[in-house]
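A.B. asks: how would this look folded up:
(one chain, ligands or ions: 1)
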Amino acid sequence: MSDIRVLTGPEVAEHNSRESCWIIVHGKVYDVTDFLDEHPGGSRIILKYAGKDATEAYEPIHPPDAITTNLPVEKHLGVIDASTVAKVVKEVTEEEKARQAAWAARPPLDNVLNMHDFEVVAKAVIPEKAWAYYSSASDDEITIRENRTAFQRVWFRPRILRDVSTVDWSTTILGQKSSLPLYISATALGKLGHPEGELCLTRAAANHGVIQMIATLASCSFDDIVDAQANDQTFFLQLYVNRDREITKKYVQHAEARGVKGLFITVDAPQLGRREKDMRMKQVDDSAGAEVQKGQDVKKDQGVARAISSFIDPSLSWKDIPWFRSITKMPIILKGIATAEDAVLAYEAGVQGIVLSNHGGRQLDTARSGLEVLVEVTAALKARGYWPDPKFEIFVDGGVRRASDVLKALALGAKAVGVGRAFLYAFCAYGQEGVERAIQIFRDEFEMNMRLLGARTIDDLVPEMVDASALNQHIVMVPQDNLFQATYQPLQITKLKAG
Ligand code: 173
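C.D. replies: Next up, the predicted model:
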């Protein structure tokens with residue numbers, strides 16, 4: 001006889017209050033009453049599902065094992081008898097109808113010619129909440145725009161008559177082969193935008209020899225992603241450091257045991273930036289909240305990302321680097337360096353690389369672009385005799401949408417660049433196939449641009465191939481990037497309540 005308790009829908013439905021709150025997730029029933037105030041996203045969102053099935057809301061935002069690891073076993077009440085749960089005929093909202101229509105009306109993939117096209121399609125087909133979370137950046141969103149315009153302040157100095165009948169843009173990143181001089185950078189919560197989430201990236205990357213950086217806060221679990229590994233593909237891991245270092249240690253060592261080839265520690269997010277598009281979406285949600293939540297403590301103003309980021313340790317410091325070295329043999333890379341001073345400290349701390357990044361414009365607004373920082377970093381490292389050093393690689397991310405962007409960063413000394421949102425939007429719009437198409441587009445652009453630049457291999461990309469003299473001039477006339485201007489959605493201001 002099985003001792004697993006089987007519960008019915010009406011039984012669960014009785015526990016629909018702050019005093020007794022049960023929820024169903026993936027067919028199992030949990031008593032979360034005592035957990036309400038500990039929930040990083042606030043109690044209100046759980047209370048919305050009190051006595052009900054919360055799976056749909058839970059799934060994109062939590063790793064599959066979040067509930068089982070956070071809730072003591074005695075709160076795992078049993079399984080639900082599915083036949084007793086009234087099938088909720090979900091009302092199809094106007095927003096949902098519009099999205100379904102947009103999905104059906106997506107242009108054929110062949111019509112997608114560049115990364116901006118993916119962004120337009122993604123915006124039309126994903127839930128508003130997902131769009132708000134992905135596209136948002138901090139404060140006035142100056143830095144996210146600067147990430148694009150910085151690339152436009154660097155101009156090419158192409159060389160001619162160099163027999164470019166064959167060109168080769170393959171490279172190595174931290175000693176790992178890569179078919180392109182870029183990697184898929186970490187972005188969180190992939191299932192908000194596509195039901196298969198980050199696995200779309202994994203499968204496409206495997207087919208094209210591209211390296212994927214797995215995000216700590218991916219919607220798919222780390223093991224689901226690594227289990228999908230094919231063609232000997234390479235993974236890196238992006239790490240948010242937990243206040244509980246034992247958790248971090250276990251996670252890092254598990255990743256190493258599973259063959260991950262580089263540990264990218266995020267160092268620019270001791271607290272998450274205020275992303276107003278995301279926060280406004282939360283206000284919309286809240287105003288639709290149920291009576292049961294009125295007057296309860298809610299972390300109202302945070303948006304999706306801030307709600308789930310409370311485990312990140314703001315006390316992380318340079319003193320922790322030797323500890324990381326002691327727990328793993330993976331190369332360690334600091335992601336989020338924004339000055340020459342810190343690049344020098346990173347080199348002296350003995351890490352294997354740095355990512356010059358402003359977190360896609362999502363952290364400190366008016367922080368400079370990674371591309372601009374690159375120029376001062378290479379100069380400072382060179383002046384101290386630290387660089388070039390084959391054991392220290394410099395990466396740049398933020399705003400990369402074209403192979404020409406990548407080539408500029410490489411000419412200025414980057415080993416490779418990270419591409420986050422562009423691939424995210426590709427899978428939101430077309431799943432795995434979208435990511436494959438995005439990689440193909442990058443490949444076509446590399447071929448053409450390297451020929452036109454007179455670079456046969458990555459080694460031919462030298463500083464003399466670019467004019468970066470305007471890079472740190474923040475007020476200069478730049479030609480408009482028409483596609484970007486047309487697809488980029490400006491911030492909204494608050495609306496007066498209807499009287
Ligand atoms: O940029 C982000 O949104 C991000 O890095 C993050 C951090 C914590 C939780 C979710 C996402």
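A.B. asks: OK, contacts around Thr248?
C.D. replies: By CB atoms under 8 Å, 6 or more residues apart in numbering, the residues touching Thr248 are Leu239, Val241, Asn242. Yep, even glycine has a C-beta here, placed from its N, CA and C like the rest.
A.B. asks: So which of the residues you listed is the closest to Gln271?
C.D. replies: Closest approach between the contacts of Thr248 and Gln271, by CB to CB: Val241, at 13.3 Å.
A.B. asks: My read is that the closest one contacts Pro314, right?
C.D. replies: No: using CB atoms under 8 Å, Val241 is not in contact with Pro314; the gap is 9.7 Å.
A.B. asks: Between the two, tell me which one has more neighbours.
C.D. replies: Just comparing Val241 and Pro314: by other CB atoms under 10 Å the higher neighbour count belongs to Val241, 24 against 10.
A.B. asks: Report the contact partners of that one.
C.D. replies: Val241 makes contact with Thr248, Ile265, Thr266, Ile312, Asp313, Leu316, Asp320, according to CB under 8 Å, 6+ apart.
A.B. asks: from the residues you listed, which would you call buried?
C.D. replies: The neighbour count (16 or more other CB atoms under 10 Å) marks Thr248, Ile265, Thr266, Ile312, Leu316, Asp320 as buried among these.
A.B. asks: quick revisit: return the subset of the contacts of Val241 lying in strands.
C.D. replies: Ile265, Thr266 (DSSP state E).
A.B. asks: what would the contacts of Val241 look like in a markdown table with distance to Gly336 and pLDDT?
C.D. replies: Shown next, in a markdown table, are the contacts of Val241 (distance: CB to CB, whole Å; pLDDT from 0 to 100):
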| residue | distance to Gly336 | pLDDT |
| --- | --- | --- |
| Thr248 | 17 | 97 |
| Ile265 | 9 | 98 |
| Thr266 | 6 | 98 |
| Ile312 | 12 | 93 |
| Asp313 | 14 | 95 |
| Leu316 | 11 | 98 |
| Asp320 | 14 | 98 |
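A.B. asks: any idea which of the contacts of Val241 is closest to Thr378?
C.D. replies: Ile265 (21.5 Å).
A.B. asks: thought the closest one was touching Ile327?
C.D. replies: No: counting by CB under 8 Å, Ile265 sits too far from Ile327 to count as a contact (11.7 Å).
A.B. asks: Is it possible to get a markdown table of the buried ones among the contacts of Val241 that adds distance to the ligand?
C.D. replies: Below are the buried ones among the contacts of Val241 laid out as a markdown table (distance: CB to the nearest ligand atom, whole Å):
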| residue | distance to the ligand |
| --- | --- |
| Thr248 | 15 |
| Ile265 | 13 |
| Thr266 | 7 |
| Ile312 | 7 |
| Leu316 | 14 |
| Asp320 | 19 |
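A.B. asks: Look up the pLDDT of Gln283 for me, please.
C.D. replies: Gln283 carries a pLDDT value of 65.
A.B. asks: no wait, Val89
C.D. replies: Looking at Val89, its pLDDT reads 68.
A.B. asks: Output the below-cut-off pLDDT ranges for the stretch 351-499 of the chain.
C.D. replies: Counting by pLDDT under 70, the ranges of the stretch 351-499 of the chain that qualify are 476-478, 493, 499.
A.B. asks: Nearest to the ligand: which residue in it?
C.D. replies: Relative to the ligand, the nearest point of the stretch 351-499 of the chain is Arg362 (4.4 Å; CB to the nearest ligand atom).
A.B. asks: Now do the SS call for that residue.
C.D. replies: Counting by DSSP: H, G, I helix; E, B strand; the rest coil, the backbone at Arg362 sits in coil.
A.B. asks: Please apply the same query to Trp323.
C.D. replies: helix.
A.B. asks: can you check the one 3 residues further on too?
C.D. replies: Ser326 falls in the helix class when you classify it by three-state DSSP.
A.B. asks: And for Met281?
C.D. replies: Put simply, Met281 is helix when judged by three-state DSSP.
A.B. asks: Likewise for Val396?
C.D. replies: On the three-state scheme (three-state DSSP), Val396 is labelled strand.
A.B. asks: can you pull the contacts of it?
C.D. replies: Neighbouring residues of Val396 by CB under 8 Å, 6+ apart: Val355, Leu356, Ser357, Gly370, Leu371, Val373, Leu374, Ala409, Ala414, Val417, Gly418.
A.B. asks: pretty sure Leu356 is in contact with Glu376, am I right?
C.D. replies: No: applying CB under 8 Å, one finds Leu356 not in contact with Glu376, separated by 9.6 Å.
A.B. asks: What about Pro195, how many residues nearby?
C.D. replies: By the other CB under 10 Å criterion, the neighbourhood of Pro195 contains 12 residues.
A.B. asks: Could you pull up the contacting residues of the one residue in the stretch 51-200 of the chain that gets nearest to the ligand?
C.D. replies: Residue nearest to the ligand within the stretch 51-200 of the chain: Ala188 (3.8 Å; CB to the nearest ligand atom). By CB under 8 Å, 6+ apart, the contact set of Ala188 is Ala215, Thr216, Leu217, Ala218, Ser219, Ala305.
A.B. asks: My understanding was that the fifth one contacts Leu189; is that so?
C.D. replies: Yes: under the criterion of CB under 8 Å, Ser219 is in contact with Leu189, at a separation of 5.4 Å.
A.B. asks: Now do the shared contacts for these two.
C.D. replies: Common contact partners of Ser219 and Leu189 (CB under 8 Å, 6+ apart): Pro60, Ile61.
A.B. asks: tell me the contacts of the residue of the stretch 351-499 of the chain closest to the ligand?
C.D. replies: By CB under 8 Å, 6+ apart, the contact set of Arg362 is Ser136, Ala137, Ser138, Ile144, Leu272, Gly273, Arg275, Ala305.
A.B. asks: From Val355, how far off is it?
C.D. replies: 14 Å (CB to CB, to the nearest Å).
A.B. asks: now swap in Arg401 and tell me
C.D. replies: Counting by CB to CB, the gap between Arg401 and Val355 amounts to 18 Å.
A.B. asks: One more: Leu496?
C.D. replies: Plainly put, Leu496 is 43 Å away from Val355 if you go by CB to CB.
A.B. asks: quick one: which of these two has more around it?
C.D. replies: Neighbours per residue (other CB under 10 Å) separate Leu496 from Val355, with Val355 holding more: 29 against 5.
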